[in-house]
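*Asks:* Sequence plus predicted model, see below.
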Amino acid sequence: MDHKGLRRTLALTAGLFLSLASAASAAQVVGPPVPVDAFHPDKDKPAKPAYGGSVVVHLSSMTEGLNRAVENSAVSRWMLYEVHETLVLQNWETWEIDPSLATSWIAEDQLILKPGAEATYPTAVRIGEGDKERFVVYGDVRTEGPVYIVKGVSQGNPLIDASNNELSVAASDVASLERGTVFTFDLQDKVTWHDGHPFDAHDVLFSWDVYNNPAVDCDEIRFQFEKVLSGEVVDPHTVRFFYENQYFLALASVGEMCILPRHLYDLEDPDNKTFDAEYHAKLKPDHKFTDAELGKYINENPHNTEWVGLGPYKITKWDPKVVEAVRYEDYHDWTDKGCYFDKISWRVISDDNTAFQALINGQLDYFDRVKSEDYFGERTATKTFTDSFYKGYVYTGTYGYTGWNTKRDKLSDPMVRRALAMAFDMETYRVDQYNGLAERVSGPQNRWGPGYNKGVEPMPYNPDMAEELLAEAGWYDRDGDGWIDKDGIKMSIEFMYPSGNEASLTFGLKMQEAYKKLGIELTMRNFDWATFLDRMLERNFDAVNLAWVPPLESDPEQLWHSKWGPLDKKSSNMCGVMDPEIDALIEAGQRELDLEKRVKIWQELHAQIAELQPYMFGLNSPRKFAMNKKIRGHQGFKIAPGYSIRRWYYPAGTEGTRSTPLK
């Protein structure tokens, strides 16, 4: 299986969805105000936005498509912010939840009835299939002694037609109460896809159902949507989803799901016969589609790159080096959306030195991979640079790490992994390489989010202790050749990194130098992107150097749960972590809707993972950027990629601009 979700980008999201409050009782996390043009030389001279013009933004690697079901890269997510819409969206500045394609939503509770009790309650609804089939009554639930009182709230709830919209359910008939597990979304009307086809609730339901097809290549994020037992179209502009259990990311999973145009992706949609007549002409009139056929059509759909979306910009060019999107004149809502440019271009340049030179040559307007030596050195101090560009930096939750393959005998012992962390002077590296700007991290949650455990200190640099731990684990130099060994095998670790990534190369060489002092051989191996990621997913590595881009609060399941750890799982748990205590914490956190209680769980999980050291956790380094001085409106957000192109603009009076969104 070709796991496209991890292809083409070093900084991977792997389905780490944004945390949106999943119930009214959940605590609200609100971000601080984000200054505008904080690094611009004219930041004290506000500029009035104008519409028009274009911008060219750098990408270090190309995504294989924009269909998030099968392409889960950070790059695809960042591009979709400009060319597509979701039901809801977390505001990058306030961190609050804003409506988008959904004008509103209602979260209701479920009473799961005991088998046979449904006969007593005619308004009970059957959901799920097979061993997950159940009958439920849903609405706002309160307890009154030995009964539950359920009040229907959402459109289409069977209780709406009942007396007073309420129903009394005996507690003895209830198997469990699941809070905040039924979501009903009211959708905007008169919304069209970029090809002019109307958008409706059937598109949303189909997009969720994609994850129920085992032939769709979506294993990296399937776990999020497996938690939804059932969905239904209430009417063309209302859609509802039922979750199996309480889940803190319930609203986020379907709320920020990548919605696909059913008429272009669903072979069973009658309109697909019109839009893909050539495909259907080859079939017999009574042809019944299999999961394999439906899945293959989604995995290989040409619209994964020839994207047809719902956003203010429409993809007009897609090739390996340049993607272009232009203003979609029939976009449904230009009110207060920003979206000032007429055209956005993403230019792919894999080599950072080449990209910086492209910036200087006027081929890029924004480049956020400026190397420390350039950021603090002469290259950004020349008149050529300062006449046209300015520099700044933005902290997101991104952190670098070296992942250890715990299924390799030499790396299976946590004591060995702790020793490897202690053998490397991360603090000196932080100061030397980043002039002290980077922050050390000790665990997997977003460094700036609520779940990060600040009480867990990063591993200290202590080569003497590292040597003792290695010896205790059975690794010491038995034959006097300068290399430690065990069972006749030298401690040799292959450090795998992607070709062209100078940061990984520099880091690996420093590790090599440090480990040699303890008699550990570190060999450097670099591979092209496709080979690199295939080897990682196949667990064909000792150590892999990567970076994650976690949201403010993420679901740890895909990285750390045992169900994704076996060797046959090509998952984000590529280090093979399988620990029952970690599993229990993940499952408890997933069900906890109260933010304060959930944070304690995540912080305990943080401590457990830090103890096991499946990663050598590295640095939360800022994204150092250079930007065209003519463009205003830059803000640095904690949510990756740390900027919003929709908010950038040329000041009023700039040649080629205008005062209104449409031409």
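*Replies:* It's in.

*Asks:* Can you tell me the SS state at residue 566?
*Replies:* coil (DSSP: H, G, I helix; E, B strand; the rest coil).

*Asks:* Number of residues surrounding it?
*Replies:* Using other Cβ atoms under 10 Å, the number of residues around residue 566 comes to 13. C-beta here means a position set from N, CA and C on the backbone, and glycine is covered the same way.

*Asks:* confidence score at it?
*Replies:* In this model, residue 566 is scored at 90, pLDDT.

*Asks:* Could you do residue 151 as well?
*Replies:* 95.

*Asks:* Contacts only, for it.
*Replies:* Taking Cβ atoms under 8 Å, 6 or more residues apart in numbering, we find residue 151 in contact with 139-142, 159, 164-166.

*Asks:* now with 6 Å?
*Replies:* Counting by Cβ atoms under 6 Å, 6 or more residues apart in numbering, residue 151 touches 139-140, 165-166.

*Asks:* Which SSE is immediately downstream of the helix or strand where residue 587 lies?
*Replies:* For residue 587, the element it lies in under DSSP states H and E is helix 580-591. Sequence-wise, the next helix or strand downstream of helix 580-591 (DSSP H and E) is helix 595-612.

*Asks:* mind listing what's buried in that following helix?
*Replies:* Neighbour counts over helix 595-612 (16 or more other Cβ atoms under 10 Å) mark 595, 598-599, 601-606, 608-610, 612 as buried.

*Asks:* now, the most widely separated pair of those?
*Replies:* 595 and 612 (25.6 Å; Cβ to Cβ).

*Asks:* Point out where the stretch 351-500 of the chain drops to low pLDDT.
*Replies:* Within the stretch 351-500 of the chain, no range satisfies pLDDT under 70.

*Asks:* make it 90
*Replies:* Residue ranges of the stretch 351-500 of the chain with pLDDT under 90: 351-352, 371-372, 396-398, 435-436, 448-450, 498-500.

*Asks:* The residue nearest to residue 541 when sequence neighbours are not counted: what's it in contact with?
*Replies:* Nearest residue to residue 541 in three dimensions, chain neighbours excluded: residue 496, at 4.6 Å (Cβ to Cβ, 6 or more residues apart in numbering). Residue 496 makes contact with 525, 541, 544 under the criterion Cβ under 6 Å, 6+ apart.

*Asks:* closest to residue 322 among the residues you listed?
*Replies:* So of these, ranked by how close each gets to residue 322 (Cβ to Cβ), first place is residue 544, at 29.7 Å.

*Asks:* Is the closest one bridged to anything, and to what?
*Replies:* residue 403, residue 496 (DSSP bridges).

*Asks:* from what I can see it touches residue 536, true?
*Replies:* Yes - here residue 544 reaches residue 536: they are 5.4 Å apart, a contact under Cβ atoms under 6 Å.

*Asks:* what secondary structure does residue 464 sit in?
*Replies:* Under three-state DSSP, residue 464 comes out as helix.

*Asks:* what about it, neighbour count?
*Replies:* 10.

*Asks:* same thing with the one 4 residues further on?
*Replies:* The burial count assigned to residue 468 is 15, neighbours taken as other Cβ under 10 Å.

*Asks:* Tell me where the stretch 101-250 of the chain has helices.
*Replies:* In the stretch 101-250 of the chain, the segments counted as helices under DSSP state H, counting those that start in this stretch are 201-209, 222-226, 250-255.

*Asks:* Strands along the stretch 1-150 of the chain, start to end?
*Replies:* For the stretch 1-150 of the chain, the strands defined by DSSP state E, counting those that start in this stretch cover 11-12, 49-50, 54-59, 88-90, 97-99, 102-113, 125-127, 134-144, 147-151.

*Asks:* Tell me which of these sits nearest to residue 566.
*Replies:* Closest among the strands of the stretch 1-150 of the chain, using Cβ to Cβ: strand 11-12, at 20.3 Å.

*Asks:* and the gap between residue 591 and residue 663?
*Replies:* For residue 591, the distance to residue 663 (Cβ to Cβ, to the nearest Å) stands at 51 Å.

*Asks:* ok, back up a step: with respect to residue 551, which of the contacts of residue 496 is nearest?
*Replies:* Of these, the one sitting nearest to residue 551 (Cβ to Cβ) turns out to be residue 544, at 22.0 Å.

*Asks:* so what's that closest one up against?
*Replies:* So residue 544 contacts 403, 496, 536 (Cβ under 6 Å, 6+ apart).

*Asks:* how many other residues sit next to residue 577?
*Replies:* The burial count for residue 577: 20, using other Cβ under 10 Å.

*Asks:* cool, and residue 41?
*Replies:* Neighbours of residue 41 (other Cβ under 10 Å): 10.

*Asks:* pLDDT score for it?
*Replies:* Value listed for residue 41 in the pLDDT field: 97.
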